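> Give me a 3D structure for the following:
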Amino acid sequence: MRRETENRALGNGKATLIIRPFKLTDAPDLTEILHAAVHVIGARDYTPEQLRAWSPAPMPSQDYVARVADGRTVLVALGASERPVAFIEIEADGHIDCFYCHPDVAGSGVGRALFRHAQSRAIEAGYPRLFVEASEAARRFFLREGFHVIACREFQLRGVMIHNYAMGKTLG
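Model prediction:
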């Protein structure tokens, strides 16, 4: 039987991270994490206009809950306050739809621990590969995790040109 939560020691040897499946009560925190990550972390690589097109406002919680009700796996990392600080969504075909860390924990090892936990679950479930459309910051992260760039994708979002990277990784 799979544990509902998993404690993982972070690289600093001090903090413990709790990773667990999504709960409905997480939705407000996750939509805030997404919006904050886009506007703080994304500001390193994208223009203010692109950031507003990407996330004009936090998604309403009920919209987030409806969006993830399609059977995708949503894992949440809890910080010291036992509130969500990061999350990842993996669809049944291995597509990583969302992967965001709150700016306060970016670069701390939380994202790496959460991703590696999710990847382990994908391997256990028999997924042959993972794939993602990654922002500039996410591209750098995924390259360190063994993904390769398939293509740079330029597209219009809410009338604004923006880009990301189609990336993939074979699991073994």
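> Give the rounded mean pLDDT of stretch 105-122.
For stretch 105-122, mean pLDDT is 96.
> helices or strands next to whichever strand or helix holds R121 in the packing?
Element membership for R121 (DSSP states H and E) is helix 110-124. Counting contacts by 3 or more C-beta pairs under 8 Å, 6 or more residues apart in numbering; DSSP states H and E, helix 110-124 packs against strand 6-9, strand 16-21, strand 73-78, strand 84-90, strand 95-101, helix 136-144. C-beta: built from backbone N, CA, C; applies to glycine.
> if we go to 10 Å?
strand 6-9, strand 16-21, strand 73-78, strand 84-90, strand 95-101, strand 129-134, helix 136-144 (3 or more C-beta pairs under 10 Å, 6 or more residues apart in numbering; DSSP states H and E).
> Helix or strand with the lowest mean pLDDT in the chain?
strand 6-9 (a mean of 52; mean pLDDT, DSSP states H and E).
> Next up, the contacts around the spatially most central residue of the chain.
Nearest to the geometric centre of the chain sits F99, at 0.7 Å (C-alpha atoms, centre = their mean). Neighbouring residues of F99 by C-beta atoms under 10 Å, 6 or more residues apart in numbering: 34, 37, 75, 86-90, 111, 114-115, 118, 132, 134-135, 138, 141-142.
> and what of V40?
Residues in contact with V40 (C-beta under 10 Å, 6+ apart) are 51, 102-104, 106.
> Then A92?
With contacts defined as C-beta under 10 Å, 6+ apart, A92 is in contact with 70-73, 125, 127.
> Give me the residues contacting stretch 50-61.
Against stretch 50-61 from outside (C-beta under 10 Å, 6+ apart): 24-40, 42-43, 45-47, 64-67, 135, 156-164.
> Mind checking the pLDDT average for that stretch?
97.
> Go through that stretch and flag the buried ones.
Using 16 or more other C-beta atoms under 10 Å as the test for burial, stretch 50-61 gives 50-55, 58-59, 61.
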